[in-house]
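Visitor: Okay, here's the prediction I keep looking at, along with the sequence it came from:
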Amino acid sequence: MAAQSTLKNMLLCLTLVCLLCAAILGGVYAMTYNPIQKTNEAILKASVGAVLPEGGSISEEKTVVYDGRTYTYYEQLDGDAVKAYAVKSATAGFGGRLELMVGVLPDGTVNNTKVVSHSETPGLGAKCQTDAQFIDQFKGFGPGKVIKLRKDGGDVDAITASTITSRAYTLAVSNAVEVVKSLNKEN
Amino acid sequence: MSKWSLVTKGFVKDNPTFVLVLGMCPTLATTTSAINGLEMGLATLFVLVLSNMAISALAPLVPDKVHIPVYIVVIATFVTVLQLLMQAYVPTAYATLGLFIPLIVVNCIVLGRAEAFANKNSVVDSALDGIGIGLGFTLSLTVIGLVREILGSGSAFGFKFIPGDGMLAFVMAPGAFLVLGYLMVLFNKYLKKK
């Protein structure tokens, strides 16, 4: 038996339901706030740690503007000297934003790369997270080589059937290297 | 109707995917692998059970003219709760399902069960109905995901047993329609025989 649909009833009902829902949401938000922060931090730490060589301490988050875009990066310090940089670099992939963490040595050599977030096609572009052949070729990618796909005149082998994703990945790595180069010039 | 049949009717007789043909958007979009389908199904199950219970408790107090807005607010609340919980405790699943979690709000199954069942039945019956329909949905999504994963990537639940790339079309949208269509045919053929 539903209550009568008078203006007063409807107003009262909607207000109460919304208040109740807002209270529940507020509670759950407060309850999950810390775990969410912790989880996000752990994901970030893991990706920073994965792309840098071992040892040394990792600095606080820093930002730098390069080519009109703001990049977040971390310095790996060995005493006072910077041993390596981890740069968060995002480009447009096939399905949306492709975000990488790229570890770069001060001379511009790529140490390692890792996908932070992506929305590429499963089974195709999403292989950029797992395809060892593709990922490993960036390890130790020196300044002597061109960070572009082979079909674009560079030295990177693309993932089969995922040229757009590979191109976005390669561009993100290349941007990160340029960021590190510009950082070195400043210092 | 016995309590047990409230649960089991969601598997075959009122199967949300193959018989009611509801919630096609997440069905087609998230079933690229068996695991993704399973996760999406369980996420929907969570929202469905809670919203069914809340709506069956609220229904007698809600004026008829505003019942849809009230239901949507209730459903949206549970979806947001789910989103926060997933972000905190199962970040990998949250990352793969992403956009499709907030879209559970507009999943026809959830509002459909609220309208067709929860608002005229008891809280317990509505919870059972939610479990049944939710499990039916989970099962269907997992089966579609499994077939697409086997044909498209040569693996099942992430375990690769056929080397190579598989038929890539099945991982993409066209494969989703093909697999859904053929499974629907098989399912209905089986139902008719019975």
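Guide: Received, thanks.
Visitor: From now on I want contacts and neighbour counts done on CA atoms only, so please keep to that.
Guide: Will do.
Visitor: Compute the distance between B:Ile150 and chain A, please.
Guide: Here B:Ile150 is placed at a distance of 11 Å from chain A (CA to the nearest CA, to the nearest Å).
Visitor: Now chain A against chain B: closest residue?
Guide: Of all residues in chain A, A:Ile36 sits closest to chain B, at 4.2 Å by CA to the nearest CA.
Visitor: residues touching that residue, list them.
Guide: By CA atoms under 8 Å, 6 or more residues apart in numbering or on different chains, A:Ile36 lies in contact with B:84, B:87-89.
Visitor: What is the nearest of those residues to B:Pro16?
Guide: Within those, the smallest distance to B:Pro16 is 26.2 Å, found for B:Leu84 (CA to CA).
Visitor: per-residue pLDDT, the closest one?
Guide: B:Leu84 is assigned a predicted lDDT (pLDDT) of 90.
Visitor: What is the neighbour count of it?
Guide: Burial measure for B:Leu84: 22 neighbouring residues, criterion other CA atoms under 10 Å in any protein chain shown.
Visitor: how distant is the helix or strand hosting it from the center of its chain?
Guide: Secondary structure from DSSP states H and E places B:Leu84 in helix B:67-89. Mean-position distance between helix B:67-89 and its chain equals 15 Å (CA atoms, centre = their mean, to the nearest Å).
Visitor: where do the helices sit along the chain?
Guide: Just so you know, I chose chain A. Assignment of helices within chain A using DSSP state H yields the ranges A:7-51, A:132-136, A:163-186.
Visitor: I was after chain B.
Guide: Taking DSSP H as the test, the helices found in chain B are B:3-8, B:24-30, B:34-58, B:67-89, B:91-97, B:108-116, B:123-153, B:173-193.
Visitor: Give the closest residue to A:Val87 in space, chain neighbours not counted.
Guide: By the measure of CA to CA, 6 or more residues apart in numbering or on different chains, the closest residue to A:Val87 outside its immediate chain neighbours is A:Tyr73, 4.3 Å from it.
Visitor: what pairs with that neighbour across the strands?
Guide: A:Lys62, A:Val87 (DSSP bridges).
Visitor: Does it touch A:Thr63 like I think?
Guide: Yes - with contacts counted by CA atoms under 8 Å, A:Tyr73 reaches A:Thr63, the gap being 6.0 Å.
Visitor: which one of the two has more residues nearby?
Guide: The neighbour count for A:Tyr73 versus A:Thr63, taken as other CA under 10 Å, is higher for A:Tyr73 (24 against 13).
Visitor: what sits against that one?
Guide: A:Tyr73 makes contact with A:61-64, A:85-88, according to CA under 8 Å, 6+ apart.
Visitor: what does chain A have sitting close to chain B?
Guide: Contacts of chain A with chain B, taken as CA under 8 Å from any CA of the partner chain, map to A:1-6, A:9-10, A:13-14, A:17-18, A:21-22, A:24-25, A:28-29, A:32-33, A:35-37, A:39, A:117, A:121-124.
Visitor: Selecting buried members of those in PyMOL, what would you type?
Guide: Only the buried members of those end up in this PyMOL selection, burial being decided by 16 or more other CA atoms under 10 Å in any protein chain shown:
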select buried, chain A and resi 5+9+10+13+14+17+18+21+25+28+29+32+35+36+39+117+121+122+123+124
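Visitor: which of the contacts of A:Tyr73 lies closest to B:Ala43?
Guide: Among the contacts of A:Tyr73, A:Lys88 lies closest to B:Ala43 (CA to CA), at 30.8 Å.
Visitor: Which positions are bridged to the closest residue in space to the closest one that isn't next to it in sequence in the beta structure?
Guide: Excluding the flanking residues, the one nearest A:Lys88 by CA to CA, 6+ apart is A:Met101, at 4.6 Å. As for beta bridges, A:Met101 partners with A:Lys88, A:Lys114 under DSSP bridges.
Visitor: returning to what we had before: ok, and which of the helices of chain B has the densest surroundings?
Guide: helix B:123-153 (a mean of 25; mean count of other CA atoms under 10 Å in any protein chain shown).
Visitor: Which single residue in chain B comes nearest to chain A?
Guide: Shortest chain B-to-chain A distance, computed as CA to the nearest CA: residue-wise this is B:Ala88, at 4.2 Å.
Visitor: Contact partners for that residue?
Guide: Per CA under 8 Å, 6+ apart, neighbours of B:Ala88: A:32-33, A:35-37, A:39.
Visitor: before we move on, what about B:Ala156?
Guide: Counting by CA under 8 Å, 6+ apart, B:Ala156 touches B:33-34, B:146, B:149-150.
Visitor: Off-centre distance for the worst-scoring helix or strand of chain A on mean pLDDT?
Guide: Counting by mean pLDDT, DSSP states H and E, chain A has its least confident helix or strand at strand A:57-58, which shows a mean of 76. Computed by CA atoms, centre = their mean, the chain-centroid distance of strand A:57-58 equals 19 Å.
Visitor: and that strand, what does it pack onto?
Guide: For strand A:57-58, the elements it packs on are strand A:69-78, judged by 3 or more CA pairs under 8 Å, 6 or more residues apart in numbering or on different chains; DSSP states H and E.
Visitor: Give me the mean pLDDT for the strand it packs on.
Guide: Averaging pLDDT along strand A:69-78 gives 84.
Visitor: any low-confidence regions in the chain?
Guide: Since no chain was named, I'll use chain A. Applying pLDDT under 70 to chain A flags the ranges A:1-2, A:123, A:186-187.
Visitor: wrong one, chain B
Guide: Scanning chain B for pLDDT under 70 picks out B:1.
Visitor: where does it come near chain A, residue by residue?
Guide: Contact residues (CA under 8 Å from any CA) of chain B with chain A: B:32, B:59-66, B:69-70, B:73-74, B:77, B:80-81, B:84-85, B:87-89, B:91, B:95, B:152-153, B:168, B:171-172.
Visitor: A:Val110 bridge partners, please.
Guide: A:Val104, A:Phe141.
Visitor: I figured it was touching A:Ile135, is that so?
Guide: No - shown here, A:Val110 and A:Ile135 do not form a contact pair, counting by CA under 8 Å, at 11.4 Å.
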